[in-house]
Structures are given as structure tokens and as C-alpha cells.
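1. Provided below for reference: sequence and predicted model.
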Amino acid sequence: MLADPLSDLIADRGTVVLDGGLATELEARGADLRDPLWSARLLVENPSLIHDVHAAYFDAGADVAISSSYQASFVGFAERGIQHDEAEDLMRMSIVLAREARDAAGADGRLVAASVGPYGAVLGNGAEYTGDYGRTIEELLDFHLPRMQVLAGAGPDILAIETIPSILEAEALVRALAEIPEARAWMSFSCRDGDRICDGTPFEQAVRTASSSPQVVGVGANCTAPHDITSLIEIASTTTELPIVVYPNRGAFWDAVRHSWVDPPRQDPRPTLRPLEWAEHGARLIGGCCGVGPSEIREIATALGR
């Protein structure tokens, strides 16, 4: 990995455009993700569709593709009867698919980020939006480190440690990174509002925890409501000098019972994505998460003058 894979891209672009939601776009294209593996299911069943979605985001103007490894873990694959060696191969494939789509789009400095999702994603009960795991730092370290080692070794430009709802998990991930000295990462948190991550920890504390690792080269929030993003950028910008990364969801709510995104009530319409406002407040990497598709990423890229 590069010493800091974001610095040259930020210097060249000013504001880096991330891609949008992978799983929701896969579903929009007909994929059935009603499975504990979620988007990682298609690494087994239809990897070409993952490639096509990455390509669509690059075509829309994204500078970075985030891999389909968010829900990929040895625990999750084992529950599907997939053995350790095959699970490693599938994790590596998630990087290869994104890299192939990037190369086909033209090798003009665009990056591939290996998604490292939270422990709660494997539980499949919505815990990635509460941080209510009942696990120790040591247990979370034991969960994350083996898959992070595989993903970091598969050739991404950076790790996207994303949707982290728990300060204990953030501390475990900082420790895991220290075991992979060549790895560089951004860390983004899922937040319940404009000043707290999902477990109730002040966002400022979460930013300080992430920034304590010299291997973290960007910090921010993702899969958070758009109307909370400006406040979170302001907090981050007064807490760290690292580039700030934001990629909110489309303003819907995750229903852990039905395993689906639910729109707000009609009197509370989906909030607007505000890339220019976020850039003006200091965000340097801007994209979208669940419910944000290629058309919205094209709008973000256009708004940012790309």
C-alpha cells in the first residue's frame, strides 16, 4: 500500500468523489440479498454483477470504489458452509472485481478501498446501527484482524473501515491496524445524530480515537442521515487535521426486522444531499451509502465541478 493513498488524489481533485451504496444498487439491478452475507452473497453467486456496479459508479464520476467485503467474514462464510481457504479467496475476489472495474475505467489515479464493515453487520440484527454487541475489545480484535490481514494483502489502495457504531470497536480496529503496519485506512462512523455515534459516544471522542492511529489517513461518518452531516463535519474539523470523509445514506431508516430500508413518513421527506455545503465546511471525500445510486453520485460529481 502507499504511504498515504489519499494525499495525491486530494491534491489533484480538491474534493474526492466516493461511490454510492453497493448493496442497494445490486438490489435495484435484481439481486436478492436476503441472506446473512448480504452483498457478499454475490461473491459466490454472481460476481459479474458486482463488477458492473463498480463500473457504473466509475462511469458516474467516482474516484474510489469500495469493495463488496463489508459483510465478508470468516464467521459469516463458515455459517454458509464455506471453509477458511475459500473464504479468503472470496475476500480477495472482492478487491479484484473493484480493481478490474477501475482499470477498465482508465487508470487515472482512481482508488480501490477494501470495505471493513462492523461486527454488527455479521449479526444481521441491525446492531451496526446501535453498537450493542456485548463483546469485549479483545473479542472484536479477534474478529476483525484475520479478515483485515487478508483484505490488506489483496492489493487495495486503502481500507475503508466503515459504519462503525461503537467506541469499543473503534479501539479494537486501531489495535488491529497496528498489527498490519503496511495498511492505511479511513475510519467512518455510523451516527445517531449530529454529535454522537450510534452507541451514544460523542463524535469528537470517536474522531480522536480513530486519529490516534498513524495509519488512519481519513476520518468521518457514513450511513448517517444527510441532515446530520454538516454538524459532524464541523466537529471533525475542529478535532483532527486528517481529511474528513462523509458518505451519508439517502435518509431512510433500517428496519432490522424486515431487513430493509424504510422511507421516512410522507410529512418528513428524504433530506437533500448537499455536497457543496459539505465541501465548504471541510469535507474532502464525499459520496453516498445505502440508497444513493449512480445517478446521485453523478449529481455529486457534477456539483463539485467534475
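-> Okay, I see it. These numbers come from a predicted model, not from an experiment. Numbering: from 1, shown residues only.
2. show me the contacts for Arg250.
-> Contact analysis of Arg250 by Cβ atoms under 8 Å, 6 or more residues apart in numbering lists Gly21, Pro226, Trp261, Arg270, Leu273, Gly288, Cys290, Gly291, Val292, Glu296. Glycine gets a C-beta too; all of them are placed from N, C-alpha and C.
3. I meant to write Pro156 there.
-> Per Cβ under 8 Å, 6+ apart, neighbours of Pro156: Met1, Ser67, Ile95, Ala98, Arg99, Val112, Ala113, Ala114.
4. 10 Å instead?
-> With contact set as Cβ atoms under 10 Å, 6 or more residues apart in numbering, Pro156 has these partners: 1, 5, 65-67, 69, 94-95, 98-99, 111-115, 183-185.
5. Show me the shaky parts of the stretch 151-300 of the chain.
-> 251-271 (pLDDT under 70).
6. Find the helix or strand that the residue nearest to Cys223 when sequence neighbours are not counted is a member of.
-> Nearest non-adjacent residue to Cys223, counting by Cβ to Cβ, 6 or more residues apart in numbering: Cys289, 4.2 Å away. In the assignment (DSSP states H and E), Cys289 maps to no helix and no strand.
7. Could I have the CA atoms of the strand or helix carrying Leu97 written out in PDB?
-> Assessed by DSSP H and E, Leu97 sits inside helix 84-105. The C-alpha coordinates for helix 84-105 follow below in PDB (Å, rounded to 0.1, in the frame of the first residue of the first chain):
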ATOM      1  CA  HIS A  84     -11.500 -20.800   5.600                       C
ATOM      2  CA  ASP A  85      -9.400 -21.100   2.400                       C
ATOM      3  CA  GLU A  86     -12.400 -20.500   0.100                       C
ATOM      4  CA  ALA A  87     -13.400 -17.600   2.300                       C
ATOM      5  CA  GLU A  88     -10.000 -16.000   1.900                       C
ATOM      6  CA  ASP A  89     -10.300 -16.400  -1.900                       C
ATOM      7  CA  LEU A  90     -13.800 -14.700  -1.900                       C
ATOM      8  CA  MET A  91     -12.500 -11.800   0.100                       C
ATOM      9  CA  ARG A  92      -9.600 -11.300  -2.300                       C
ATOM     10  CA  MET A  93     -12.100 -11.600  -5.200                       C
ATOM     11  CA  SER A  94     -13.900  -8.500  -3.800                       C
ATOM     12  CA  ILE A  95     -10.700  -6.500  -4.300                       C
ATOM     13  CA  VAL A  96     -10.000  -8.000  -7.800                       C
ATOM     14  CA  LEU A  97     -13.500  -7.100  -9.000                       C
ATOM     15  CA  ALA A  98     -13.200  -3.500  -8.000                       C
ATOM     16  CA  ARG A  99      -9.700  -3.200  -9.400                       C
ATOM     17  CA  GLU A 100     -10.800  -4.700 -12.700                       C
ATOM     18  CA  ALA A 101     -13.600  -2.200 -13.000                       C
ATOM     19  CA  ARG A 102     -11.200   0.600 -12.100                       C
ATOM     20  CA  ASP A 103      -8.700  -0.500 -14.700                       C
ATOM     21  CA  ALA A 104     -11.400  -0.700 -17.300                       C
ATOM     22  CA  ALA A 105     -12.500   2.900 -16.500                       C
END
